[in-house]
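Colleague: Okay, predicted coordinates and the sequence, questions at the end:
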Amino acid sequence: MSNQIKWMTGLMLRILQIADDAGATKVVAWEGQGSGHVVNGVTSTYDLAMQAIAAGRSLAAQIEALGFGPDIDVELAGREGRIGLPISHPDPAHFIVAGTGLTHLGSADGRDKMHKAAQAEDKPTDSMRMFLSGVEGGKPAPGQVGAQPEWFYKGNGSQLKPTGSDLVSPSFALDGGEEPELAGIYLIGPDGTPFRVGFCLANEFSDHVTEKGNYLWLAHSKLRQASLGPELLVGDLPDHVEGTSRIRRGDEVIFEKPFLSGEANMSHSIANLEYHNFKYDIFRAPGDLHVHFFGTATLSVSHGIKTEEGDVFEIDAAPFKLPLVNRLTVAAAMSVDVRKL
């Protein structure tokens, strides 16, 4: 097969990890239509990215250098449940999951109402003040440092689920709610340089009822699983991304709203969010992977929806071709006993 593939003529390169008929993971380059192409010489997207860094090449150039094996029907693989996370780390503890909130135009509305109800004084909430600081200074000029966003930690790679997998809410949670977002994937090079591998659809699953109880419980509310869409979109993200978030309960759609992302709909630039994440030395450890959730302004909980076990979250958005679909389940209760040594 020729190495000259269609993304060279304007279509966007997407990278997926797909299990073949024997269950072995294959790295697949796809143009968003037709068949995908198995990339030779790599066993994971992580391996591919590490090779590209070592060779001083872009991902597209490294794929071209490695060449291709057999084609794979990507949409069939999706229907058969063979598409995994778009990237994973050999040691999930070295895959850091974090994000930023109040980054999108309109994202403060629901949070502001939530926290105004909990405070007696008629003054701007911390959420609104944080949001406005981003509106005023979240898109700095090149070479300048912009406003610092809200930041949170979600866990490590063991918390990440692919499309088709259940999102498991802990038994003690008060809510299991969707957050339709875009996320950036990053690999830290041998010299500590963060490399953006690409972008993917994401569901930054959270407990909004716990958060509503007290804003200082935000950290607790974020320690939940999350899911990443099938495709890793390589290159620049379009300035305007528009998608749909829906929830199905049995045969009924109980929630369906559009969501917007991309810098045209954000109060922060992606570069500013990246800077404020990777300015910390501990987040530039060579070989580590990072996923960074960029935030959203569309939540079903803001429209009075109370999710239930068995609900199915569906998120889709152009230019991504494949949806992100996950079912909500609840873990069995368990006790945690700390023992003295």
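Modeller: Cool, got the structure.

Colleague: Quick one: low-confidence residue ranges for the protein.
Modeller: Scanning the chain for pLDDT under 70 picks out 1-10, 104-123, 126-127, 130-131, 133-135, 137.

Colleague: please redo it, this time with the cut-off set to 80
Modeller: Within the chain, the set of residues satisfying pLDDT under 80 comprises 1-11, 102, 104-138.

Colleague: quick check: domain ranges of the protein?
Modeller: Following the TED database, the chain resolves into domains at 14-80, 92-330.

Colleague: now those domains in JSON lines, with mean neighbour count and distance to L341?
Modeller: From N, CA and C alone the C-beta is placed, and that goes for glycine too. Below are the domains of the chain laid out as JSON lines (neighbours: other C-beta atoms under 10 Å; distance: least, C-beta to C-beta, whole Å):
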{"stretch": "domain 14-80", "mean neighbour count": "18", "distance to L341": "36"}
{"stretch": "domain 92-330", "mean neighbour count": "19", "distance to L341": "23"}
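
Colleague: could you dump the ones you listed to TSV with distance to R339?
Modeller: Supplementary listing: the domains of the chain in TSV, determined by distance: least, C-beta to C-beta, whole Å:
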stretch	distance to R339
domain 14-80	36
domain 92-330	21
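
Colleague: Just list the residues touching T25, thanks.
Modeller: Taking C-beta atoms under 8 Å, 6 or more residues apart in numbering as the criterion, T25 is in contact with 17-19, 43-44, 84.

Colleague: Sort out which of those residues are in strands and list them.
Modeller: Among these, DSSP state E puts 17-19 in strands.

Colleague: Identify, from these, the entry nearest to G235.
Modeller: Among the ones in strands among the contacts of T25, Q17 lies closest to G235 (C-beta to C-beta), at 18.6 Å.

Colleague: Show me the beta-bridge partners of that closest one.
Modeller: For Q17, the beta-bridge partners are V27 (DSSP bridges).

Colleague: Same question for V330.
Modeller: Assessed by DSSP bridges, V330 has beta-bridge partners S169.

Colleague: could you list every residue that touches it?
Modeller: With contact taken as C-beta under 8 Å, 6+ apart, V330 is in contact with 168-171, 173, 176, 309.

Colleague: hmm, 10 Å instead?
Modeller: Counting by C-beta atoms under 10 Å, 6 or more residues apart in numbering, V330 touches 166, 168-171, 173, 176, 308-310.

Colleague: Check H208 too.
Modeller: H208 neighbours (C-beta under 10 Å, 6+ apart): 110-111, 114, 174-179, 221, 299-302, 307.

Colleague: For it, give its distance to A331.
Modeller: Distance, H208 to A331, using C-beta to C-beta, to the nearest Å: 18 Å.

Colleague: what do you get for G198?
Modeller: Per C-beta to C-beta, G198 is found 31 Å from A331.

Colleague: Show me the strands in the stretch 201-341 of the chain, by range?
Modeller: For the stretch 201-341 of the chain, the strands defined by DSSP state E, counting those that start in this stretch occupy 226-228, 232-233, 241-249, 252-261, 289-293, 312-318, 324-330.

Colleague: distance between the fourth one and the chain's centre?
Modeller: For strand 252-261, the distance between its averaged C-alpha position and the chain's averaged C-alpha position is 18 Å (C-alpha atoms, centre = their mean, to the nearest Å).

Colleague: what packs against it?
Modeller: Judged by 3 or more C-beta pairs under 10 Å, 6 or more residues apart in numbering; DSSP states H and E, strand 252-261 is in contact with strand 180-188, strand 241-249, strand 312-318.

Colleague: Swap in 7 Å and give it another go.
Modeller: Counting contacts by 3 or more C-beta pairs under 7 Å, 6 or more residues apart in numbering; DSSP states H and E, strand 252-261 is packed against strand 180-188, strand 241-249.

Colleague: Could you list the alpha-carbon positions for the first one in PDB?
Modeller: The reference is to strand 180-188. Extracted in PDB, the C-alpha atoms of strand 180-188 (Å, rounded to 0.1, in the frame of the first residue of the first chain):
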ATOM      1  CA  PRO A 180     -19.200  16.800  27.400                       C
ATOM      2  CA  GLU A 181     -15.800  18.200  26.600                       C
ATOM      3  CA  LEU A 182     -12.700  18.200  24.500                       C
ATOM      4  CA  ALA A 183      -9.400  17.000  26.000                       C
ATOM      5  CA  GLY A 184      -5.800  17.400  25.100                       C
ATOM      6  CA  ILE A 185      -3.400  14.400  25.300                       C
ATOM      7  CA  TYR A 186       0.300  15.200  26.100                       C
ATOM      8  CA  LEU A 187       3.500  13.100  26.300                       C
ATOM      9  CA  ILE A 188       6.500  14.400  28.200                       C
END
